[in-house]
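**Student:** This is a predicted model, with the sequence first.
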Amino acid sequence: MWVPIALGRDVPRGATRAVLLEGEELVVWRGEAGTVQVWEDRCPHRGMRLSFGFVRGDALNCLYHGWEYGAGASCRRIPAHPDLTVPPTIRAKAFAATETGGLILVDRDGTGGPPPLMLAGLPVASLAIAADPETLFQLVPATPRPDPQLVEATLDGVRFHLGWHVPGPGRIMLHALVLDPGAESRALIALHKLRSEAEARRAA
Amino acid sequence: MTAEPAALDQWYVLGAIGDFPQGQSSRRLLGTNLAVTRAGDRFTIESNGPPAAVRTDYGHLWTTLGTPARPVFDLPESRESDRRAVYCGAVTVRASGLRLIENFLDLAHFPYVHTDILGTEARPEVAKYEVEQRRDVDELWATKCEFFQPKAAAASEGGQISRYMYRVVSPFNVMLYKTPPAAPDRWDVIALFVQPVEPDLSIAHPYMLVIDDISTDAELIGFQQMIFLQDKIVLENQRPKLLPLQPGRETPTRADLSSVLYRRWLKEKQLRYGVEERTDLA
């Protein structure tokens, strides 16, 4: 299943981001070539989180010992042994990832089929909300899209594409893009109002 | 988690002597609360049962919750009068104490975690070194370790190829021997005494016995703390937090020879405190 986990804008070239998806730690990163990658946030050598690592060219390097992973997550260099040809069995765990309409999506279990295609929106914010999706979407008049965890919604007169993922129980991370140019300020205000209402409902 | 005999029957550090006030204070070890009473230089330590054994060695307070087969390890360098003994302060680390020891034994991280201090990216190679299990004293040794270091110690003025030896005296206590900038024919001793508080929570007590007439105490402590805080970032972000002993969970290479021996030794001892639960054993 394809799940939106970040706004493409928030993972620029050369950057890593840690994402928690249903309790699982992922690293999202982008090499200089521009393709986004989503892997398990763990170096197979000593278990160090790869989101602490550094990107050079099209490779992600672990902070701990500098092990270098190329696209597809194969380890291709172990600095402690410069002359070693790294066996192909040494690799991080990569997931299918795609980017569409300003969103980064991951298909962890490989059941998502062809990746979704969306019209580009203007990225506004990823917003952490202390509420479960059911509570939140009681407050949002939304039109489902064919893709899971993606809806079109209108909040305070602003049209949105909303993607989301669940970091853990009772929490939702909303990834918001606006479809109306020039509406970003109103969109931000509408989103924060939505968060307050959702969290108040949860508290009640 | 309740500690098993392999973990109970060991000596553990509870802190530097100077950190204990007169009268009552409390500590935690292996998931057990301890009441420490100090009267002058006499200590008593109590948990639920009868008073626990007490030692005051190498400037630190030691105890055990079991019946160790051996006394507290010997540290002969502590009797050399020209060495300076320096306590570096206690550092809490949210990780298994075994991860701390393993990191302490590791050379290959120097260029990346202690960049331009203990190593440089330009010279990351770990040359072959030797490891040995000394069964007569039940210690692990790694010898003939060499590594290029831009700033090997507080008193360094330039780069050097440092020589190292490592000595693991118990699952949670380790020391390294390293060539000091000022006396290439002798060894500085840097010890790491780990107090396992919970399986995934530890207090590190670094302790130095060094040959250095130049640096102030503050410089020596500051250097060691800087290094240790860099390690802490790694240690708290390893997954799992507990040390995995199950084959295939992690990927050692030749540079990890000392880690491989350490893990084998822990298995042999059937140590489980701070170890990830295994699913491959019936």
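**Tutor:** Right, received. Where do you want to start? Numbers count the residues shown, from 1 in each chain, chains lettered A, B, ... in the order given.

**Student:** And the lowest-mean-pLDDT helix or strand in chain A, what's buried?
**Tutor:** Taking mean pLDDT, DSSP states H and E as the measure, chain A has strand A:142-144 as its least confident helix or strand, at a mean of 82. Of the residues in strand A:142-144, A:Ala142 count as buried by neighbour count, 16 or more other CB atoms under 10 Å in any protein chain shown. Every residue, glycine included, has its C-beta placed from N, CA and C.

**Student:** Give the residue farthest from the middle of chain A.
**Tutor:** A:Asp83 (35.8 Å; CA atoms, centre = their mean).

**Student:** Do you know the pLDDT at it?
**Tutor:** Listed pLDDT for A:Asp83 reads 96.

**Student:** Would you mind naming what in chain A lies close to chain B?
**Tutor:** A:25, A:41-42, A:44-49, A:52, A:62-66, A:78-82, A:84, A:90 (CB under 8 Å from any CB of the partner chain).

**Student:** change it to 6 Å
**Tutor:** Counting by CB under 6 Å from any CB of the partner chain, the residues of chain A close to chain B are A:42, A:44-49, A:52, A:63-66, A:78-80, A:82, A:90.

**Student:** Now the buried members of those.
**Tutor:** Using 16+ other CB under 10 Å, the buried ones in the residues of chain A next to chain B are A:42, A:44-49, A:52, A:63-66, A:78-80, A:90.

**Student:** ranges for the helices of chain B?
**Tutor:** Along chain B, the stretches classed as helices by DSSP state H are B:5-8, B:97-104, B:110-113, B:217-235, B:257-269.

**Student:** B:Ala153 and chain A, how far apart?
**Tutor:** Using CB to the nearest CB, to the nearest Å, B:Ala153 is found at 22 Å from chain A.

**Student:** how near is A:Leu21 to chain B?
**Tutor:** Taken as CB to the nearest CB, the span from A:Leu21 to chain B is 15 Å.

**Student:** Contacts only, for that residue.
**Tutor:** A:5, A:165 (CB atoms under 6 Å, 6 or more residues apart in numbering or on different chains).

**Student:** So stretch B:266-282, near chain A or not?
**Tutor:** No - between stretch B:266-282 and chain A, judged by CB under 6 Å from any CB, nothing touches; the nearest distance is 9.8 Å.

**Student:** So what touches that stretch?
**Tutor:** Against stretch B:266-282 from outside (CB under 6 Å, 6+ apart): B:3-4, B:6-7, B:96-98, B:171, B:196, B:199, B:240, B:242-246.

**Student:** Averaged pLDDT, that stretch. What do you get?
**Tutor:** 93.

**Student:** send the alpha carbons of it over as CSV?
**Tutor:** Below are the C-alpha coordinates for stretch B:266-282, written out as CSV (Å, rounded to 0.1, in the frame of the first residue of the first chain):
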residue,chain,number,x,y,z
LEU,B,266,29.5,-12.9,26.3
LYS,B,267,27.7,-16.0,24.8
GLU,B,268,30.1,-18.3,26.5
LYS,B,269,29.4,-16.6,29.8
GLN,B,270,25.6,-16.9,29.1
LEU,B,271,25.3,-13.2,29.8
ARG,B,272,21.8,-11.9,29.0
TYR,B,273,21.6,-8.5,30.8
GLY,B,274,21.6,-5.9,28.1
VAL,B,275,21.4,-8.5,25.3
GLU,B,276,18.6,-8.6,22.8
GLU,B,277,16.4,-11.6,23.3
ARG,B,278,17.2,-14.4,20.9
THR,B,279,14.6,-16.1,18.8
ASP,B,280,17.0,-18.8,17.3
LEU,B,281,17.4,-20.8,20.5
ALA,B,282,14.9,-23.5,21.3
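
**Student:** quick one: buried residues of it?
**Tutor:** Across stretch B:266-282, burial judged by 16+ other CB under 10 Å covers B:266, B:269, B:271-276.

**Student:** neighbours of A:Glu134, just the number please.
**Tutor:** 8 (other CB atoms under 10 Å in any protein chain shown).

**Student:** just checking, A:Leu122 touches A:Asp180?
**Tutor:** No - in this structure, A:Leu122 is not within contact of A:Asp180 by CB atoms under 6 Å, at 8.4 Å.

**Student:** who's in contact with A:His161?
**Tutor:** A:121, A:177.

**Student:** just checking, it is part of a helix?
**Tutor:** No - A:His161 sits outside any helix when classified using DSSP: H, G, I helix; E, B strand; the rest coil, being strand.

**Student:** May I have the beta-bridge partners of it?
**Tutor:** A:Glu152, A:Leu177 (DSSP bridges).

**Student:** Model confidence for it, exactly?
**Tutor:** Per the predicted model, pLDDT is 94 at A:His161.

**Student:** Point me to the helix or strand that includes A:Leu188.
**Tutor:** Assigned by DSSP states H and E, A:Leu188 belongs to helix A:184-203.

**Student:** Nearest to A:Glu152, out of the contacts of stretch B:266-282: which one, please.
**Tutor:** B:Pro240 (40.6 Å; CB to CB).

**Student:** could you list every residue that touches residue 201?
**Tutor:** I went with chain A, as the question did not name one. Contacts of A:Arg201 by CB under 6 Å, 6+ apart are A:Thr135.

**Student:** try chain B instead
**Tutor:** Counted by CB under 6 Å, 6+ apart, B:Leu201 has contacts B:Arg94.

**Student:** again, but for A:Gly66
**Tutor:** Contacts of A:Gly66 by CB under 6 Å, 6+ apart are A:79, B:112.

**Student:** on that earlier part again, restricted to strands, list the buried residues of stretch B:266-282.
**Tutor:** Nothing among the buried residues of stretch B:266-282 maps onto strands, per DSSP state E.

**Student:** between the residues you listed, which is nearest A:Glu199?
**Tutor:** Nearest to A:Glu199 among the buried residues of stretch B:266-282 is B:Glu276, at 36.1 Å by CB to CB.

**Student:** what about B:Gln246, distance to chain A?
**Tutor:** For B:Gln246 relative to chain A (CB to the nearest CB), the value is 12 Å.

**Student:** rewinding a little: select only the buried ones of the contacts of stretch B:266-282 in ChimeraX?
**Tutor:** Of the contacts of stretch B:266-282, the buried ones can be selected in ChimeraX as follows, counting by 16+ other CB under 10 Å:
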select /B:3,6,7,96,97,98,171,196,199,240,242,243,244,245
